[in-house]
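**Q** sequence plus the predicted model coming up.
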Protein chains: 2
Amino acid sequence: MLIRETTNEDNLSLLARIRLGRLACARDAQPYVVPLHFAYQDNFLYSFSTVGQKIDWMRASPLVCVQMDEVVNDETWASLVIFGSYEELPDIPAFKIERELTYELLQRQANWWEPGYAKTIIRGAERPLEPVYFRIRIARITGHRSVAEV
Amino acid sequence: MLIRETTNEDNLSLLARIRLGRLACARDAQPYVVPLHFAYQDNFLYSFSTVGQKIDWMRASPLVCVQMDEVVNDETWASLVIFGSYEELPDIPAFKIERELTYELLQRQANWWEPGYAKTIIRGAERPLEPVYFRIRIARITGHRSVAEV
């Protein structure tokens, strides 16, 4: 197997297909990484969550990194790493269009509100379900893909 | 769907089965997340890479986070998040036992040295293949799993 960098065309094609990535944020020197369901449009990843550690940390420190991949098998795969920043889309008139876009993009996906909005029992108590819409502004994409050696 | 915290027994059972996770490190406030092939034993995740951004950043700032999951389908899944720290296992006599253990654990996996050690072309040039053995010392595990609602 040989590994090559992806082209811009590869990256846009992957972003249009992939719905699940891993989002890393950081507080002080401690990183934190969790699964992220998202929809891509025009240089942003749109997503939705309930308030919790991830949202708290990104509000305090908006630089993030999202990794996503498409694996056909051990020999055929592509992986993207996106550097970007967190932008919250609060429920106020100034963000009405962006919130509607987020909802419209995400609701095309089956069960898009799960697990972001599922009833969650933590240490015996239900987690409060306060919804947060947000997007990741893409600053830079790097990607690699496998190439069969001939 | 209902989401619950995993038990210690769930966590150890998942760690024994899962071979692929996502490793997040951070430099200043910027997180970075990449796929990680690993093998778990006795509170450590053992792995192998070539020198590059991930190794450079972990050498400078050893706090890391690793996320891994086992997804059967949308309704049946488990996800672990591990907080820990990077420990390099250099090629000197003091680390001989740990390096042999890393090799022994990883070589049980098919193609374990790929893509960590595959020939990689970056901006037209081959990446140098300087191998680095390391392990992540686990400080804390949190996990969640889906539970069918009855």
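**A** Yep, it's here.

**Q** quick one: neighbours of the nearest residue to residue A:133 once chain neighbours are set aside, just the number.
**A** Nearest residue to residue A:133, sequence neighbours excluded (Cβ to Cβ, 6 or more residues apart in numbering or on different chains): residue A:89, at 4.1 Å. C-betas here are computed from N, CA, C, even on glycine. Neighbourhood size, residue A:89 [other Cβ atoms under 10 Å in any protein chain shown]: 21.

**Q** show me the contacts for residue A:89.
**A** By Cβ atoms under 8 Å, 6 or more residues apart in numbering or on different chains, the residues touching residue A:89 are A:95, A:98, A:99, A:102, A:133, A:134, A:135.

**Q** measure the closest residue to residue A:78 other than its chain neighbours to residue A:2 for me?
**A** In space, and not counting its chain neighbours, residue A:78 is closest to residue A:145: 3.9 Å by Cβ to Cβ, 6+ apart. Distance of residue A:145 to residue A:2, computed by Cβ to Cβ, to the nearest Å: 10 Å.

**Q** out of those two, which sits in the more crowded spot?
**A** The residue with more neighbours, out of residue A:145 and residue A:2, is residue A:145; 19 against 15, by other Cβ under 10 Å.

**Q** please, which helix or strand holds the more buried one?
**A** strand A:131-147 (DSSP states H and E).

**Q** right, and the helix or strand after the helix or strand of chain A with the lowest mean pLDDT?
**A** Ranked by mean pLDDT, DSSP states H and E, the weakest helix or strand in chain A is strand A:119-122, scoring a mean of 71. Downstream of strand A:119-122, the first helix or strand assigned by DSSP H and E is strand A:125-126.

**Q** related to what we said a few turns ago, closest one of the contacts of residue A:89 to residue A:23?
**A** residue A:134 (10.2 Å; Cβ to Cβ).

**Q** give me the beta-bridge partners of the closest one?
**A** Beta bridges link residue A:134 to residue A:47, residue A:88, judged by DSSP bridges.

**Q** quick revisit: ok, the least confident helix or strand of chain A near chain B or not?
**A** Yes: applying Cβ under 8 Å from any Cβ of the partner chain, one finds strand A:119-122 in contact with chain B at A:119, A:120, A:121, A:122.

**Q** so who does residue A:29 touch?
**A** Residue A:29 touches B:26, B:61, B:63, counting by Cβ under 8 Å, 6+ apart.

**Q** now do 6 Å
**A** Taking Cβ atoms under 6 Å, 6 or more residues apart in numbering or on different chains as the contact definition, residue A:29 lies against B:61, B:63.

**Q** so it versus residue B:30, what's the distance?
**A** From residue A:29 across to residue B:30, the span is 11 Å (Cβ to Cβ).

**Q** joint contacts of the two?
**A** With Cβ under 6 Å, 6+ apart, residue A:29 and residue B:30 have no common neighbours.

**Q** return stretch A:8-15 as PDB; C-alpha atoms alone will do.
**A** The C-alpha trace of stretch A:8-15 is given here as PDB (Å, rounded to 0.1, in the frame of the first residue of the first chain):
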ATOM      1  CA  ASN A   8      -9.300  19.300  -3.300                       C
ATOM      2  CA  GLU A   9     -11.700  17.400  -5.500                       C
ATOM      3  CA  ASP A  10     -11.300  14.200  -3.400                       C
ATOM      4  CA  ASN A  11     -12.000  16.400  -0.200                       C
ATOM      5  CA  LEU A  12     -15.200  18.000  -1.500                       C
ATOM      6  CA  SER A  13     -16.500  14.600  -2.700                       C
ATOM      7  CA  LEU A  14     -15.800  13.000   0.700                       C
ATOM      8  CA  LEU A  15     -17.400  15.900   2.600                       C
END
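
**Q** which residues are in contact with it?
**A** A:40, A:78, A:80, A:141, A:143.

**Q** hey, what's the last one bridged with?
**A** Taking DSSP bridges, one obtains residue A:80 as the residues bridged to residue A:143.

**Q** and it, how far from chain B?
**A** 11 Å (Cβ to the nearest Cβ, to the nearest Å).

**Q** quick one: the strands in chain A?
**A** Listed in chain order, the strands of chain A (DSSP state E) span A:2-5, A:20-27, A:30-37, A:39-41, A:44-50, A:63-73, A:76-88, A:119-122, A:125-126, A:131-147.

**Q** what residues does chain A put near chain B?
**A** A:1-4, A:22, A:24-26, A:29-33, A:61, A:63, A:65, A:67, A:74, A:111, A:114-115, A:118-121 (Cβ under 6 Å from any Cβ of the partner chain).

**Q** done for today, thanks.
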